[in-house]
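**Q** pasting the sequence and the predicted model now:
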Amino acid sequence: MFNRHFDYEEEFNFISEVDIEEFINEDQDKPLVLLERIDRIIRIHSFIKNRHENKEKKANYQGILDQHLAVCSNLLRITALQTLLLTYILNSGSLSLGDLAKSLKVTRVQCFKYLDDLDVLLDKRLIRKSGRGREEIDADYWVPYEVIQSLREGKAFTPPRYRNLSKDEFFEHLNKLLSEFFLPDHFGIPDHFDSKTSRKILMMDFFNLLEDNPQLEFVKKISSLLLTKENMLFLSYLCTEFYVNKEDSFRYRDIYFSEHTESGKDFDLHQLFRLELIEYYGDDFKDKEFIVLTNKAVIELLGITEALHKPKSESDIINHENIVQKELFYNAKEGKLVEQLADLLLEKNYKNITERLKSKGMRTGFNCLFFGIPGTGKTETVYQIARMSGRDIMSVDISATKSHWFGESEKIMRHIFSEYRHKVEKARNKNTPAPILLLNEADAIINKRKDISTSTVAQTENTIQNIILEEMEKLNGILIATTNLTENFDTAFERRFIYKIEFHKPGIEIRRLIWKSLIPELMEKETIKLAEAFDLSGGQIENIARKRAIVGILNGKEPALAELESFCSEESILKKDSKIGF
């Protein structure tokens, strides 16, 4: 009996006595669809509240009302009072707590006792509440379209469950679920959004979707990370944006995290950073404005292969087993340094040294710089060290990272280091030597930084330098940069390279050995003559040896010494440090 709750009188005529008598006199065993019973509930209850009838009539009306309420509440699996509240909200389209008080003929204060029942209807998705930014008590209640459809079909509304989805179907559903709740603040707040209710529904739908699709690798992986609920939700949003909408950077400050979490707490992004699932990205590494998924997250959570996720720099992986052994010749000083570094990078020695550095609280990354004029064997030395130490090479051509798109160069550079971290971790898990990150021809990144007021190009180059400096600080692996630059080093880079080896032009004796190695058929006196007459680099001598072989194939006989000397003269035409410019 619900009449006792509503004792506030106000003039209100909703239904005539003729209509109510028709409802009372109709066959109570007559089959009625659900909406017909809901219609009778609202009509009869309104009539009772707005008309003064004798006790006998009122009891009769109340009895019929209770029958309809019992049938509906049983079908909808809610209480009779909750059914009555639902019918008023459905009939009104949308109403506030104050409007509900008027409809039920009670004071607004008396209506507060229905808040728990309204929350039950909210939890069961039978009604929604809007009014974010307004006082919670002034929110509007309304019945969503999908509930009305169920009522029209004469059945209780059951929130849909999406089971055994394909990967694409799963992320499409996740995208629909999460996109509204993580809408950046500058898009504005939807009028129908209520943070508290929406949080609860969001979390329930999200975890239902995970629970219903345990076969998916994404679900297995993200569940195994033991993240907080809030972090699992936020990481899933980032993955969905990347997979469905091709978005890979997010402005951190635009999202009011506490509005979307079940507990009202902010996301603990430190956990995601610690697991190397996200990282900062911005125009300057000090400006932590954007966050991005790491390559590790993209590969492990989304199953996108490295080839599909490669940055536009197209870093190449060189397998150490495919590197051909080659004899190299050095001047005494650099030869000793190269031998020392090669010995250090043998896996047994490398592990021992990094463990000791770690125990002393020191950085364990090895940043090495090979610098000197072209053709002195810098890149080939990296190859041979990799071959001897059993390390693959992740080779990056720095010039290929430059893009005319604003911010793209910086993004590419961050992706390179993210990809390298993943490879180091992968090698560690397989108990194999960490790969070498080779930044080839890195002239543009180690020279002195420029005045950013001169051009946007200068600003971009400085930003890339800042990114590399930051990554070198936290490197957990081996980085070797090669450059032809022999002066004008940026002091910030000088400090970060623990090994710096300058490759000089070979002396006479070393040139003689190179001639003999590349053209074994030369007589001893011929190698001495060529070594003494021409101040060439090892790369230049190799070019001449190749040219000699090509001419020999074309002519059917090897060139004589005089022709070989001619080749040397042509090769050394630019031996002076002449500069070409405009």
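**A** That came through fine. Numbers count the residues shown, from 1 in each chain.

**Q** break this structure down into its domains, please.
**A** Using automatic domain parsing, the domain parsing of the chain gives 3-152, 167-309, 316-503, 508-573.

**Q** flag every buried residue along the helix or strand harbouring S46.
**A** Take DSSP states H and E as the rule and S46 turns out to sit in helix 34-50. With burial defined by 16 or more other Cβ atoms under 10 Å, the residues of helix 34-50 counted as buried are 34, 37-49. Where you see a C-beta, it was placed from the backbone N, CA and C, and this is true even at glycine.

**Q** can you redo the domains of the chain as CSV with distance to T158 and mean pLDDT?
**A** Below are the domains of the chain laid out as CSV (distance: least, Cβ to Cβ, whole Å; pLDDT from 0 to 100):
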stretch, distance to T158, mean pLDDT
domain 3-152, 8, 78
domain 167-309, 12, 73
domain 316-503, 43, 84
domain 508-573, 74, 89
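
**Q** so which of the ones you listed gets nearest P160?
**A** Across the domains of the chain, P160 has its closest neighbour in domain 3-152 (8.3 Å, Cβ to Cβ).

**Q** wait, A533 touches E565, no?
**A** Yes - if you go by Cβ atoms under 8 Å, A533 and E565 touch, sitting 7.1 Å apart.

**Q** mind listing what's buried in the one helix or strand Q110 maps to?
**A** For Q110, the element it lies in under DSSP H and E is helix 108-111. Buried residues in helix 108-111, counted by 16+ other Cβ under 10 Å: C111.

**Q** one step back: out of the domains of the chain, the one nearest P159 is which?
**A** Closest approach to P159 among the domains of the chain (Cβ to Cβ): domain 3-152, 5.2 Å.

**Q** what about the strands in the stretch 451-582 of the chain?
**A** Under the criterion DSSP state E, counting those that start in this stretch, the stretch 451-582 of the chain carries strands at the ranges 478-483, 499-503.

**Q** can I get the CA coordinates of the last one in CSV?
**A** What follows is the C-alpha trace of strand 499-503 in CSV, where atoms were taken according to Å, rounded to 0.1, in the frame of the first residue of the first chain:
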residue,chain,number,x,y,z
TYR,A,499,83.5,5.8,-24.7
LYS,A,500,84.7,8.3,-27.3
ILE,A,501,87.0,6.8,-30.0
GLU,A,502,88.4,9.1,-32.7
PHE,A,503,89.2,7.3,-36.0
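
**Q** what is that strand packed up against?
**A** On a contact count with 3 or more Cβ pairs under 8 Å, 6 or more residues apart in numbering; DSSP states H and E, strand 499-503 meets helix 332-344, strand 366-372.

**Q** now that strand, how far from the chain's geometric center?
**A** Between the centre of strand 499-503 and the centre of its chain there are 37 Å (Cα atoms, centre = their mean, to the nearest Å).

**Q** partner strands of it, with direction?
**A** strand 366-372 (parallel) (DSSP bridges).

**Q** tell me how far the strand it pairs with lies from the chain's centre.
**A** On Cα atoms, centre = their mean, the centre of strand 366-372 falls 32 Å from that of its chain.

**Q** can you give me the buried ones in the helix or strand just after it?
**A** As assigned by DSSP H and E, the chain's next helix or strand after strand 366-372 is helix 378-389. For helix 378-389, the neighbour count (16+ other Cβ under 10 Å) marks 378-379, 381-387, 389 as buried.

**Q** so what does the following helix or strand past the helix holding S46 touch, helix or strand wise?
**A** Sequence order places helix 55-76 as the next helix or strand after helix 34-50, per DSSP H and E. Under the contact criterion of 3+ Cβ pairs under 8 Å, 6+ apart, helix 55-76 touches helix 17-25, helix 34-50, helix 80-92.

**Q** count the residues that sit near the closest residue to L485 other than its chain neighbours.
**A** Distance criterion Cβ to Cβ, 6 or more residues apart in numbering; nearest residue to L485, sequence neighbours excluded, is D443 at 4.8 Å. For D443, the count of nearby residues is 15 (other Cβ atoms under 10 Å).

**Q** got a list of what D443 touches?
**A** Taking Cβ atoms under 8 Å, 6 or more residues apart in numbering, we find D443 in contact with 398, 483-485.

**Q** against I317, how distant is I385?
**A** 16 Å (Cβ to Cβ, to the nearest Å).

**Q** P559: what's it in contact with?
**A** The contact partners of P559, taken as Cβ under 8 Å, 6+ apart, are 548, 551-552, 567.

**Q** what's the answer for L485, then?
**A** 371, 443, 446-447.

**Q** tell me where the stretch 201-350 of the chain has strands.
**A** 250-251, 278-281, 290-293, 316-318.

**Q** what is the third one packed up against?
**A** Taking 3+ Cβ pairs under 8 Å, 6+ apart as the contact definition, the neighbouring helices and strands of strand 290-293 are helix 229-245, strand 250-251, strand 278-281.

**Q** reformat these as JSON lines; add distance to I468 and mean neighbour count.
**A** As requested, those are exported to JSON lines (distance: least, Cβ to Cβ, whole Å; neighbours: other Cβ atoms under 10 Å):
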{"stretch": "helix 229-245", "distance to I468": "24", "mean neighbour count": "21"}
{"stretch": "strand 250-251", "distance to I468": "23", "mean neighbour count": "17"}
{"stretch": "strand 278-281", "distance to I468": "14", "mean neighbour count": "21"}
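
**Q** redo the ones you listed as JSON lines? Include distance to G538.
**A** Shown next, in JSON lines, are those (distance: least, Cβ to Cβ, whole Å):
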{"stretch": "helix 229-245", "distance to G538": "46"}
{"stretch": "strand 250-251", "distance to G538": "49"}
{"stretch": "strand 278-281", "distance to G538": "40"}
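
**Q** what's the closest of the ones you listed to A59?
**A** Taking Cβ to Cβ, helix 229-245 is the member of these nearest to A59, at 51.0 Å.

**Q** and that closest one, what other elements does it pack with?
**A** On a contact count with 3+ Cβ pairs under 8 Å, 6+ apart, helix 229-245 meets helix 167-179, helix 195-211, helix 217-224, helix 269-274, strand 290-293, helix 295-302.

**Q** grab the nearest non-local neighbour of I393.
**A** Nearest residue to I393, sequence neighbours excluded (Cβ to Cβ, 6+ apart): I318, at 4.1 Å.

**Q** circling back to that earlier point, output the strands of the stretch 451-582 of the chain in a markdown table; the columns should cover mean neighbour count and distance to R414.
**A** Below are the strands of the stretch 451-582 of the chain laid out as a markdown table (neighbours: other Cβ atoms under 10 Å; distance: least, Cβ to Cβ, whole Å):
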| stretch | mean neighbour count | distance to R414 |
| --- | --- | --- |
| strand 478-483 | 25 | 15 |
| strand 499-503 | 19 | 25 |
